[in-house]
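Enquirer: predicted model and sequence below, questions to follow.
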Amino acid sequence: MPQTAYPVAIRSESPLRRVPRKRARETDTAHPGLVQALGWFSVALGLTELLWPRRFGRGIGVGEPMGLLRALGMRKLTSGLGILSRRNTVAWMRSRVVGDLIDLALLGASLRSARTDRGKVAIATAAVASVTALDVLGSQRSRARAGDADVVEVIASIAITHPAPELYRVLRDLESLPRVLSHLKSVRLLDERSSHWIAKTLNGSQLEWDAEITEDLPDRRFAWRSLPGAVVPNEGVLELVPLPAGRGTAVRVELRFRPPGGRLVAGVGRIFAGAPEHQIREDLRRWKRLLETGEVPTTAGQPHGRRSVISRGLP
């Protein structure tokens, strides 16, 4: 099928929110203001219940259940410190929501008791309900941040002693991409903009998705992205930059994807045999050698002498 060049960018919403690499590192450790405020609030309230349970109980109209208030205070303090530690924030925010529901249940039971100040208990219940709404919102924001953190970004580049138009003709033929990127099994064109991709996995299975061209600048750059519903939402960009004095072209590859199960699971390993950035660089080096020498050097099948103890990996 003949290739059609799109001389201008095709603007469309990306399935992976675009974040510059440096900024991504900063936002990975930055706390949303609401979540951080809820963390400090949880710590302050927990300390109050731990240190002054009698005054706190009287203030909310439930009397002086010292042991119960101290236990609730310890729970709030632990949740607050967990949120402020910036580790597993989603789980700690969920614990806040669960704790709020427990507090509401206990306050609801106190409203039915004749031994409590129902007016104060009603005010405390309204306050806890408001905090619960904020905790739910904070939990949702934390989950959204966790989703962004799951996006893996791979950037690699190499200089090749071939002119940009020649490299563009090879790379723009999407069906030839598996010869450049080894984790791809095949790419099949569906129409001028759409294609079907199959990636190889380490366990012998394969992942499939449809993608579309989102930008095409002949001899300079083209980009693609997966269509909605892909098992591995992804997008990629290939850029060609002529080097000074006719020394060839710098080829830059940028891939962004959300692996199955998230960054902290073995999703990346299901596609890439090791570090993704390392493999992409090796793919580019192999392609460079193939273009410049006509063959890829290998030691497979070559005779060798007796291996040393170190090379055999023996003690």
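Expert: Done, it's in.
Enquirer: before we move on, what SS does the residue located most distally from the centre of the chain have?
Expert: In the chain, counting by CA atoms, centre = their mean, residue 114 sits farthest out from the average C-alpha position, at 52.4 Å. Using DSSP: H, G, I helix; E, B strand; the rest coil, the structure places residue 114 in coil.
Enquirer: what separates it from residue 107, distance-wise?
Expert: As judged by CB to CB, to the nearest Å, residue 114 and residue 107 stand 15 Å apart. The C-beta positions use only the backbone N, C-alpha and C, and glycine is treated the same way.
Enquirer: before we move on, what about residue 51?
Expert: 21 Å.
Enquirer: comparing the two, which residue is more hemmed in?
Expert: More neighbours surround residue 107 than the other of residue 51 and residue 107, with 21 against 11 (other CB atoms under 10 Å).
Enquirer: checking my notes, that one in a strand, right?
Expert: No - membership of residue 107 in a strand is not supported by three-state DSSP, which gives helix.
Enquirer: check which helix or strand the closest residue to residue 230 other than its chain neighbours maps to.
Expert: Once flanking residues are discounted, residue 230 sits nearest to residue 209: 3.6 Å by CB to CB, 6 or more residues apart in numbering. Element membership of residue 209, judged by DSSP states H and E, is strand 206-217.
Enquirer: could you name the helices and strands sitting against that strand?
Expert: strand 194-200, strand 221-226, strand 234-242 (3 or more CB pairs under 8 Å, 6 or more residues apart in numbering; DSSP states H and E).
Enquirer: what separates it from the chain centre, distance-wise?
Expert: 19 Å (CA atoms, centre = their mean, to the nearest Å).
Enquirer: now stretch 57-74
Expert: That offset, for stretch 57-74, works out to 41 Å (CA atoms, centre = their mean).
Enquirer: ditto for stretch 113-125
Expert: Distance, centroid of stretch 113-125 to centroid of chain: 46 Å (CA atoms, centre = their mean).
Enquirer: now that stretch: buried residues?
Expert: 116, 117, 121, 124, 125 (16 or more other CB atoms under 10 Å).
Enquirer: same check, this time on stretch 173-182
Expert: 174, 177, 178, 180, 181, 182.
Enquirer: list the contacts of residue 61.
Expert: 110, 116, 117, 118, 119, 120, 121, 123, 124 (CB atoms under 8 Å, 6 or more residues apart in numbering).
Enquirer: show the pLDDT at the residue lying closest to the last one once chain neighbours are set aside.
Expert: Ranked by CB to CB, 6+ apart and with sequence neighbours excluded, the top spatial neighbour of residue 124 is residue 60, at 3.9 Å. At residue 60, the pLDDT value in this model is 92.
Enquirer: next, count neighbours for residue 60.
Expert: Neighbours of residue 60 using other CB under 10 Å come to 21.
Enquirer: how close does it get to residue 72?
Expert: Taken as CB to CB, the span from residue 60 to residue 72 is 11 Å.
Enquirer: ditto for residue 121
Expert: Distance, residue 121 to residue 72, by CB to CB: 15 Å.
Enquirer: mind listing the helices for the stretch 151-300 of the chain?
Expert: 164-172, 267-271, 276-293 (DSSP state H, counting those that start in this stretch).
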